[in-house]
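# Sequence first, then the predicted structure, then my questions.
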Amino acid sequence: MCCRTSAADRRAARQLAWLGLLLAAGVSCRGTNPEVPAVYAAELGDVTRGRVLIEAYGCGTCHTIPGVRGARGTAASPLLWFAERSFIAGEVPNTPVNLVRWLRDPRDIEPLTAMPALGVTDEQARDIAAYLYTMR
């Protein structure tokens, strides 16, 4: 009797081969944060206003932020895939409440952070957060 592999076995072998290639190439998985669904962007504030505020406050001086004109800063972490991060500033869970709190007063969360308190209002912080949660 000849050995035959099923279609499911062949598919599993291909998936394992791809995974091995990705790992060998140094590709790592981003830590997805199931606590931050895309719907937060709509619940928080206005995404378009958030992008405009990010430009106006000069956030791109320090951060690289997709979709924001001139936001190619390298002094702070890039905000690519922000919505999928588990933590904000490595300190608190990435939730809308914590993000708004961080944007309003970063040193309240991390006293030694280099991020300045920009004096954003609660509404502005919600708008900025809405934009950041589109980063997937």
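All right, it came through fine. All of these numbers come straight from a predicted model, not from anything done at the bench.
# if I pick residue 69, what's in contact with it?
55, 60 (CB atoms under 8 Å, 6 or more residues apart in numbering). The way it works is simple: take the backbone N, C-alpha and C, and place the C-beta from them, glycine included.
# May I ask you to confirm that residue 102 is in contact with residue 118?
No. With contacts counted by CB atoms under 8 Å, residue 102 stays clear of residue 118, the gap being 11.2 Å.
# Low-confidence ranges, the protein, go.
1-43 (pLDDT under 70).
# Please, where are all the helices along it?
Secondary structure of the chain (DSSP state H): helices at 7-24, 39-44, 47-56, 96-104, 106-109, 122-132.
# between residue 102 and residue 118, who's got more neighbours?
residue 102 (22 against 17; other CB atoms under 10 Å).
# so how far is residue 75 from residue 121?
25 Å (CB to CB, to the nearest Å).
# next one: residue 92
21 Å.
# Next: residue 98.
Look at residue 98 and residue 75: by CB to CB, they are 22 Å apart.
# What of residue 122?
Residue 122 is 26 Å from residue 75, by CB to CB.
# One more: residue 129?
Residue 129 sits 21 Å away from residue 75, going by CB to CB.
# neighbour-wise, which of the two wins?
Using other CB under 10 Å as the criterion, residue 129 and residue 75 rank with residue 129 on top: 26 against 9.
# In this structure that one contacts residue 49, no?
No. Counting by CB under 8 Å, residue 129 stays clear of residue 49, with 11.2 Å between them.
# Need the residues touching each of these two.
Common neighbours of residue 129 and residue 49, counting by CB under 8 Å, 6+ apart, are absent.
# Contacts only, for residue 54.
60, 65, 68, 71, 128, 131.
# Tell me the most packed of those residues, by neighbour count.
residue 128 (28 neighbours).
# Look up how far residue 113 lies from residue 94.
Distance from residue 94 to residue 113, by CB to CB: 16 Å.
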